[in-house]
Each structure stands twice: as C-alpha cells, then as structure tokens.
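A.B. asks: Task: produce atomic coordinates for the following.
(one chain, ligands or ions: 2)
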Amino acid sequence: MLRLDEAVALALKGVTALPAERVGLERALARVLAETAQAPRDLPPWDNSAMDGFALQAADTASGLTQLTVLETILAGGVPRQTVTSGACARIMTGAPLPAGADAVVMVEDTDGGASGVVTVRGVVQPGQHVRYSGEDVRAGEPVLRAGVTLGAAELGMLAAMGFPSVMVRQRPRVAVLSTGDEVVEPGFPLGFGQIWSSNTVALMAMITEAGGEPVHCGVAPDDAAGLQAALARCQNAELILTTGGVSMGEADLMKAALSDGLRFHKVAVQPGKPVALGRLFGKPTFGLPGNPVSCLVTFQQLVRPVIRAMLGLSRPFSPVIEAVLTAPIRKRPGRALLARARLHRGDDGAVHATPARSQSSGAMSGMVEADGLVILPLEAGDAAAGETVRVQVLRWRFMDRAEPGYWREGAEAEAPYGSSAPSSGEDDACC
Ligand code: AMP
Ligand code: MG
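C.D. replies: Ligands and ions are numbered 1, 2, ... in the order given. Model (predicted):
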C-alpha cells in the first residue's frame, strides 16, 4: 500500500500556483502576495519630529540651560518656512517635517513651553535626538514584502504606508465539495430512518476556507452511477474537486470507478483515512475522501490542504509539527501510519503535553472536536508509551490560549503569575 508521504508527493506533483489578481487592501487579509512589493519612496519621506517640542541646533544646548527664540510653529502636515539658526528654534509637533538648520528636537516637557516667544530648554540635547530620518523605516527600492508572504494586519498597514491602495495576490482556488451517499441529508432537512446529516460538507468547506481556498457547495450525490455522474458535473468549474464517501470497498462505493481514468491512488497506509483516492475529472485534480467524518477531515489535512496551499504559491504548504510529551499510551501495530487525535496543553515543566482524545474512532466527531493536533506515529512504529516524546501536527493553536503562563498584562507577575488571576477560556475547557 502507498505510504502517506508518497501519496502527499503524488498529490503535489504538477501543482502550480494559480494566476494573480488585484484586490483592494481592505479585502486582502490572509491573501498571499503574488509579487514582491518594493518601496516606491523612502519611509518616512522626509526627516520629521518624533515628539511635540522644539526643533533646534543641539550644539546650542551645551551649557545645560538655554534660551532660544521661537521662529514659528510647524504642525504635522505643515511646511517649515524658516531656517533654524544658532539661538533660534521652531515649535514642532510629532510627524511635522524638521526645518532646515535644525538637527535635533527637545520635547516640550524639557522646556518651559516657550509661550512668550522665547523658550528655555533644560538639559543638553544630543544631535539627532527625537528626529525620525527619511528612509529610516524603509528605503526607496527596498523589497519590503516578498512574494509568497501571507498578508496580515502589519503587512497591510505597510502596503498602505507605502501608498498602495490595492495589491496583486494569488487567486484563491475554488474547491468543489460533493458529498455522496443515499443516507446523507443536508442539515435543515428531516431525516428518514437510517439517514444522517452531512457533517463532512460544512466541515470541509470550513477547512478549505481556513487553508485559503474558496469552497463551492455541490450538494449530495446518490449512490447510483448516473446520479453520481450528474452530480459530479456540478463540480467542473472548480480548480480542485473533493468528494466524500463511496470510496471504500462497499457495494455502493462508486468513486473509484468514477475516477478510474486518471486514478493515481485509491488506498494509503494511514489510519484514519485508508480509503482515499486521487484522480482527475474534467482535467482537475479530484480527491475521493473517505465518508467517515474523522477520516475525511484528517485526509483533507494531509493531502488536500497542501495542494490548496501550493496553488496559493506558498513555498511551505505543510502544517507545522511540534514535539510533545504523551500523557497516556497509544496502541498501534506496525504497517500503517497512525494520526491520533490529541488534546494539547502546556505542562508545568513548560513542555507541550499531548493527551489522546477519548474516542479515536474514525466516525466520532467528538474526537475531532477535542483535538488540537494529530500525534504522528509512523508506519513502522509500534505502541507509544506514556512519557514518550512524539511529533504532533498542530491543527489549531487554541492550546496556546489555554496555556499558563500564556497571558500577560501589566502587573500580573506581581499578583499570581500562573494562577487564578489569568482569565480562563471557558468554552474551550467545557469540552474536556
Ligand atoms: P462510505 O465511505 O460512503 O461507505 O461512508 C462511510 C461512513 O461515513 C458511513 O457511515 C457514512 O454514512 C458516513 N458518511 C458518508 N458521507 C458522510 C457525510 N457527508 N457526513 C457524515 N458522514 C458521512
Ligand atoms: Mg457511502
């Protein structure tokens, strides 16, 4: 049977970044920058004051108590009209351009305020003090943000500071989601006997969005070949197609046949998620994910998420892996990799601890709700013992919110550094 790493390599083979598109900054959060952003000019564009105070010649203040004539007032957005000479200064506000002749700023708190038109400066001012020099933050022509970075608040602020109203980002791959099964019903519709509500559709759509893709809801297909074909036709406008269910060995499992032309694999040596297929439909990569809810989400995480991330042009499409100490044993036989659902928390020793979710069943969503990560036990591994250090693929970082010490606020150290004064994230703790 194919190893998981081989399946991942096959899934990524030939996947390239999608074309770029221009979007306004206000819609660009979490998008991937498609071209390196170069600073069109120095930032700040001119020398300016970092303080409200007086722009002066530092050499004038050597005596430690200096009187200077106030020539003018320069506000942020204003233009200096006078040159500062020895014995003179200009009242200046934060962000206002430094006048010619001045080489430093004294903050207003270190003066008598200069209301009379003459200001008394206390102390010796150093050249350059409280001056923000042009180009100090960013130099013209500098590659400030490289292609491939994910845009967060700081990056968007930087682009705006450089004057860009919009930005070239990678197109988000449209990812079609089709559930299959005569028993599968969308939530909101009544269930007949033997039927279940589809959990995979909405969960996959959420994972697609989180990965940076754009989910396309394609409904539910029945377990007959003609009905399945008709439903698959609804998926053809997407860049990537996902189906769930109908991919194992049951009588109604039709996906393997539907993918038979471009089939790359239909079984992977992993648990959960052994029945998972990759083929091509309408020229688009098509994953037949398992119907079991946990297997469905775990195989998405291993195989589909990296493909979406690669389509976004991200050079590292994989989820982060950390080390953690197991708090309870995990039973496993060699021959298949095991991805065990685990809750993560930081122990008193500072290390991350991994506690296996109570249900490891591939049909039990509760195990997935509990999980912050997947403990990775490789194909050849046997049982893992409590106390063992294992690798964990992180699914979500909420364990950092639960971590103590994990909060900081002024004075907290003095009160109860790790104790009851830290706010607790109630809803997270309710589940376990
Ligand atoms: P299958 O691979 O089609 O045999 O499905 C395996 C199991 O997953 C069965 O118990 C199905 O009822 C269940 N299943 C299939 N599709 C979904 C879905 N969209 N949401 C939740 N469970 C599903
Ligand atoms: Mg089925």
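A.B. asks: What are the boundaries of the helices in the stretch 251-400 of the chain?
C.D. replies: Applying DSSP state H, counting those that start in this stretch to the stretch 251-400 of the chain gives helices spanning 255-258, 293-299, 305-311, 365-370, 398-402.
A.B. asks: Next, format the ones you listed as TSV and append mean pLDDT and distance to ligand 1.
C.D. replies: The C-beta positions use only the backbone N, C-alpha and C, and glycine is treated the same way. Listed next are these as TSV, based on pLDDT from 0 to 100; distance: least, C-beta to the nearest ligand atom, whole Å:
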stretch	mean pLDDT	distance to ligand 1
helix 255-258	92	8
helix 293-299	98	5
helix 305-311	98	18
helix 365-370	96	8
helix 398-402	80	24
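A.B. asks: which residues does the closest residue to ligand 1 within the chain contact?
C.D. replies: Residue nearest to ligand 1 within the chain (C-beta to the nearest ligand atom): G291, separated by 2.5 Å. Each residue near G291 by C-beta atoms under 8 Å, 6 or more residues apart in numbering is listed here: 180-181, 200, 244-248.
A.B. asks: thinking again about what came up before, pick the most buried one from the helices of the stretch 251-400 of the chain.
C.D. replies: Counting by mean count of other C-beta atoms under 10 Å, helix 293-299 has the highest mean neighbour count of these, with a mean of 27.
A.B. asks: Determine if any part of it is in contact with ligand 2.
C.D. replies: No. Applying C-beta under 5 Å from the ion, one finds helix 293-299 separated from ligand 2 by no less than 11.4 Å.
A.B. asks: got a list of contacts for that helix?
C.D. replies: Residues outside helix 293-299 that contact it (C-beta under 8 Å, 6+ apart) are 199-200, 203-204, 207, 244, 268, 270, 272-276, 287, 289-290, 339, 341, 361-365, 367-368, 374.
A.B. asks: C-terminal to the longest helix belonging to the chain, what's the next element?
C.D. replies: Under DSSP state H, the helix in the chain containing the largest number of residues is helix 200-211. As assigned by DSSP states H and E, the chain's next helix or strand after helix 200-211 is strand 214-221.
A.B. asks: now that following strand against helix 200-211, angle please.
C.D. replies: 170 degrees (axes from the mean of the first three to the mean of the last three C-alpha atoms, to 10 degrees).
A.B. asks: Show me which residues of the stretch 51-200 of the chain sit near ligand 1.
C.D. replies: Within the stretch 51-200 of the chain, the positions near ligand 1 by C-beta under 6 Å from any ligand atom are 179, 181, 183-184, 196, 198-200.
A.B. asks: Same list, the residues you listed, but only the ones touching ligand 2.
C.D. replies: Applying C-beta under 5 Å from the ion to those, those adjacent to ligand 2 are G181.
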